[in-house]
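Asks: Please work out how this folds:
(2 chains)
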Amino acid sequence: NAGVTQTPKFQVLKTGQSMTLQCAQDMNHNSMYWYRQDPGMGLRLIYYSASEGTTDKGEVPNGYNVSRLNKREFSLRLESAAPSQTSVYFCASSGTRIGTYEQYFGPGTRLTVT
Amino acid sequence: RKEVEQDPGPFNVPEGATVAFNCTYSNSASQSFFWYRQDCRKEPKLLMSVYSSGNEDGRFTAQLNRASQYISLLIRDSKLSDSATYLCVVNDQRGSYIPTFGRGTSLIVHP
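Replies: Here you go, the predicted structure:
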């Protein structure tokens, strides 16, 4: 059981370039999430997918798009990267055990936009 | 007002000390509560869920006070390895149980 995996681990982009962050989970979870974490800001939700086939905006969706490819995979795309998107990006998933909904996180992608 | 608030610390304690963190939340309809631990430059990891009756896991005790809308985490006999940031998480039932994270409390345990 790998849990939640993310690729790449590190990435440097120039302003205006695009890229896709990949996330996959093998825990048969229904819900998946993308967060960004900046110093002093805590975790902020970018997008989430409550179940396969649905996606919704979180707190900071501007500049990002997502795709829930299937139950396992949830990708995050930056169409035109900006320096303000320099951050650590975490993917997470959660199951549907009623009353719990604890999340499991991937190791993160450290993105620098120059 | 922030939905989930934590004292950022740092809490600087000697090994063996007992330390407690609180976390307040604003939505009285919040459904579930958790403490996560995050080491420097690593992903958050679930430490424990917080139940209405309180729960204990070894040296860690979590409590929920719905009337005053806060949760607490008590760490007894602190170890050097407990040094980390502790994140409070509150889930609201908005169809998908979207969690709200506090910004975390930093704990430094020194020899």
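
Asks: Run through the strands of the chain in chain order.
Replies: Since you didn't name a chain, this refers to chain A. According to DSSP state E, chain A carries its strands in the segments A:4-7, A:10-13, A:19-25, A:31-38, A:42-49, A:56-57, A:64-68, A:74-78, A:87-94, A:103-105, A:109-113.

Asks: nope, chain B please
Replies: Secondary structure of chain B (DSSP E): strands located at B:4-6, B:11-14, B:19-25, B:32-38, B:45-50, B:55-57, B:60-65, B:70-75, B:84-92, B:98-101, B:105-110.

Asks: Lowest average pLDDT across those?
Replies: Lowest mean pLDDT within the strands of chain B: strand B:98-101, a mean of 85.

Asks: ok so, going back, in TSV: the strands of chain B, plus distance to residue A:33 and mean neighbour count.
Replies: In this view, the C-beta of every residue, glycine as well, is placed from N, C-alpha and C. Listed next are the strands of chain B as TSV, based on distance: least, C-beta to C-beta, whole Å; neighbours: other C-beta atoms under 10 Å in any protein chain shown:
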stretch	distance to residue A:33	mean neighbour count
strand B:4-6	16	20
strand B:11-14	28	14
strand B:19-25	19	19
strand B:32-38	13	22
strand B:45-50	14	18
strand B:55-57	25	12
strand B:60-65	23	18
strand B:70-75	21	20
strand B:84-92	12	23
strand B:98-101	8	22
strand B:105-110	22	18
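
Asks: Tabulate these in TSV, adding columns for distance to residue A:64.
Replies: As requested, those are exported to TSV (distance: least, C-beta to C-beta, whole Å):
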stretch	distance to residue A:64
strand B:4-6	23
strand B:11-14	35
strand B:19-25	27
strand B:32-38	22
strand B:45-50	25
strand B:55-57	36
strand B:60-65	33
strand B:70-75	31
strand B:84-92	22
strand B:98-101	17
strand B:105-110	28
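
Asks: will you turn these into a markdown table that also has distance to chain A?
Replies: Listed next are these as a markdown table, based on distance: least, C-beta to the nearest C-beta, whole Å:
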| stretch | distance to chain A |
| --- | --- |
| strand B:4-6 | 9 |
| strand B:11-14 | 17 |
| strand B:19-25 | 12 |
| strand B:32-38 | 6 |
| strand B:45-50 | 5 |
| strand B:55-57 | 13 |
| strand B:60-65 | 13 |
| strand B:70-75 | 14 |
| strand B:84-92 | 6 |
| strand B:98-101 | 4 |
| strand B:105-110 | 11 |
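
Asks: just so I know, which of those strands lies nearest residue A:43?
Replies: Judged by C-beta to C-beta, the one of the strands of chain B that comes nearest to residue A:43 is strand B:98-101, at 4.4 Å.

Asks: what are the pairing partners of that closest one, and which direction each?
Replies: Applying DSSP bridges, strand B:98-101 is found paired with strand B:84-92 (antiparallel).

Asks: Now do the strand it pairs with against strand B:32-38, angle only.
Replies: Here strand B:84-92 runs at an angle of 160 degrees relative to strand B:32-38 (axes from the mean of the first three to the mean of the last three C-alpha atoms, to 10 degrees).

Asks: can you pull the contacts of the residue nearest to the spatial centre of chain A?
Replies: The centroid of chain A falls nearest to residue A:34 when counting by C-alpha atoms, centre = their mean (2.7 Å). Counting by C-beta atoms under 8 Å, 6 or more residues apart in numbering or on different chains, residue A:34 touches A:21, A:23, A:45-48, A:58, A:64, A:66, A:74, A:76, A:89-91.
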